[in-house]
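J.: turn this into a structure:
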Amino acid sequence: MARPRQPATILQLRGSHKAHPERVRADAEGAAPFCREAPDHLSMPVRRAWDYVVARLPRITLSSSDEVVVEQAARVLAAIWETEQRVGPLAGSDARVQAVE
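T.: Predicted coordinates for the structure are as follows:
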């Protein structure tokens, strides 16, 4: 099976079009841009986790279809932080990762 095409934005960042300008293309219209703001329905601990996750993601590759996955990651991270506050650090957890105040 062939490898999927790289998004045009990634190719542009890599400078692939400098060597072969004839290969410049535009991607098909897809999802809307990624919204970095946490949705209003999230609780404050989950919003803090959303900000933490979004700050560490590559912005160029995200679209609005990724918001559901980021929300789920933020919910899991907030639950981990809450558990660690109640019972102490979990086994195998990184001590540097703490809730953003």
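J.: can you tell me what sits against stretch 63-75?
T.: Judged by Cβ atoms under 8 Å, 6 or more residues apart in numbering, the contacts made with stretch 63-75 from elsewhere in the structure are 30-35, 38-39, 42, 46-47, 49-50, 52-54, 57, 62. Quick note: C-beta positions are derived from backbone N, CA and C, even for glycine.
J.: which SS class is the residue lying closest to Leu57 once chain neighbours are set aside?
T.: Nearest residue to Leu57, sequence neighbours excluded (Cβ to Cβ, 6 or more residues apart in numbering): Val70, at 7.3 Å. Look at Val70: counting by DSSP: H, G, I helix; E, B strand; the rest coil, its state is helix.
J.: how near is Val70 to Ala2?
T.: 29 Å (Cβ to Cβ, to the nearest Å).
J.: which residue is nearest the centroid of this structure?
T.: Centroid-nearest residue in the chain: Leu57, 4.0 Å away (criterion: Cα atoms, centre = their mean).
J.: low pLDDT regions in the chain?
T.: Within the chain, the stretches with pLDDT under 70 are 30-31, 90-101.
J.: same thing but 50
T.: Within the chain, the segments meeting pLDDT under 50 span 96, 99-101.
J.: mind listing the helices for the chain?
T.: Under the criterion DSSP state H, the chain carries helices at the ranges 8-14, 16-19, 44-55, 67-87.
J.: any idea which of those gets closest to Ala26?
T.: helix 8-14 (6.0 Å; Cβ to Cβ).
J.: same for the closest one, what does it pack against?
T.: Contact partners of helix 8-14 among helices and strands, from 3 or more Cβ pairs under 8 Å, 6 or more residues apart in numbering; DSSP states H and E: none.
J.: list the buried residues for it?
T.: Ala8, Leu11 (16 or more other Cβ atoms under 10 Å).
J.: same deal with stretch 51-65?
T.: For stretch 51-65, the neighbour count (16+ other Cβ under 10 Å) marks Tyr52, Val53, Val54, Leu62 as buried.
J.: and stretch 27-34, by the same measure?
T.: For stretch 27-34, a neighbour-count test (16+ other Cβ under 10 Å) marks Phe34 as buried.
J.: thinking again about what came up before, out of the helices of the chain, nearest to Arg25?
T.: Short answer: helix 8-14, nearest of the helices of the chain by Cβ to Cβ, at 5.6 Å.
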